[in-house]
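K.L.:
This is a predicted model, with the sequence first.
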Amino acid sequence: MADGGTRTTFDIATVAGLAIGFTLIIAAIVLGGSPGAFIDIPSVLIVIGGTSAITAVCVSLGEFLGVWKVLLRTIFYTSRNPADAALQILQLAEIARKGGVLSLQGHLDSLQSEEYLWKGLSLVVDGTPAEDVEGIMRKDMNATISRHQKGANIMRKAGDIAPAMGLIGTLIGLVQMLGNLDDPSSIGPSMAVALLTTFYGAILANMVFMPLAAKLERNSQEEELLNSVYMVGAVSIGRQENPRRLEMLLNSILPPSKRVSYFD
């Protein structure tokens, strides 16, 4: 039997993209000849500390403390080929068609790595009506989507706050600069320090938080597609429909490049 292709993937695109982006910024600073001018501890405290504090205000404590787990999901995430999952479902549907849904009992142990599919087929084997199976699985899928969306929203909220904190830091620097206008030699350096907070805020928002939010949403969409395949398959098996009809249903939700031809 084909498996669902489940594997934990290291997303090299996320790591490489961040590394290359920051390398280019650092190279531009170094080539400019004054890398020390881009380092200012008060600006770092205002932007990073302020962004963290205000983001914490927007979410619950548990969600804020779990932000590192959210970040790790952009680098290490469970990757599954929906076409392989569809083939697996069709094989299970054929087994159930020939031997009845109870014949799937012996296959449940091998599906425990696919928790969502295992739950759906367990309900079917237990005799749960197909309509109830669909309702339970849909609620479960919606809850998973909601959890993932919360993680993306935290990153997006931080991306909105970081530039604002940079602007606040700039205003603080400008006020301090205007208070020292009697010393013309301090105006240039003070202006540079004031602008650094805006620089830090723009870097964090556009090179870290917003891209990570987009990656979380992309990973969530992939998982939603896979879970939709599992839900349609489990419900179809519960209704004891013809596997050929199930193949058409699965291909209707799969993207063209992932569609399967199991019975051809």
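P.N.:
Here it is on my side, so go on. Numbering: from 1, shown residues only.

K.L.:
What ranges does the stretch 1-150 of the chain have for its strands?
P.N.:
7-10, 76-79 (DSSP state E, counting those that start in this stretch).

K.L.:
The ones you listed into a markdown table, with extra columns for mean pLDDT and mean neighbour count?
P.N.:
Quick note: C-beta positions are derived from backbone N, CA and C, even for glycine. Listed next are the strands of the stretch 1-150 of the chain as a markdown table, based on pLDDT from 0 to 100; neighbours: other C-beta atoms under 10 Å:
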| stretch | mean pLDDT | mean neighbour count |
| --- | --- | --- |
| strand 7-10 | 73 | 10 |
| strand 76-79 | 77 | 16 |
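
K.L.:
Can you check which of those gets nearest to residue 155?
P.N.:
strand 76-79 (14.5 Å; C-beta to C-beta).

K.L.:
how far out from the middle of the chain is that closest one?
P.N.:
The chain centre lies 10 Å from the centre of strand 76-79; the measure is C-alpha atoms, centre = their mean, to the nearest Å.

K.L.:
Mind naming the longest helix for the chain?
P.N.:
When the chain is parsed with DSSP state H, its longest helix is helix 130-178.

K.L.:
So what's the gap between it and the chain middle?
P.N.:
So, by C-alpha atoms, centre = their mean, the centroid of helix 130-178 is 11 Å from its chain's centroid.

K.L.:
by contact count, what packs against that helix?
P.N.:
With contacts taken as 3 or more C-beta pairs under 8 Å, 6 or more residues apart in numbering; DSSP states H and E, helix 130-178 sits against helix 41-44, helix 50-58, helix 61-65, helix 67-75, helix 115-125, helix 187-204, helix 210-238.

K.L.:
Select from those helices the stretch with the lowest mean pLDDT.
P.N.:
Of all the helices and strands packed on helix 130-178, helix 67-75 carries the lowest average pLDDT, namely a mean of 81.

K.L.:
which residue packs closest to residue 77, ignoring adjacent ones?
P.N.:
residue 219 (5.1 Å; C-beta to C-beta, 6 or more residues apart in numbering).

K.L.:
and that neighbour, how many neighbours?
P.N.:
21 (other C-beta atoms under 10 Å).

K.L.:
Can you give me every residue that contacts it?
P.N.:
Shown in contact with residue 219 (C-beta atoms under 8 Å, 6 or more residues apart in numbering): 73, 74, 77, 148.
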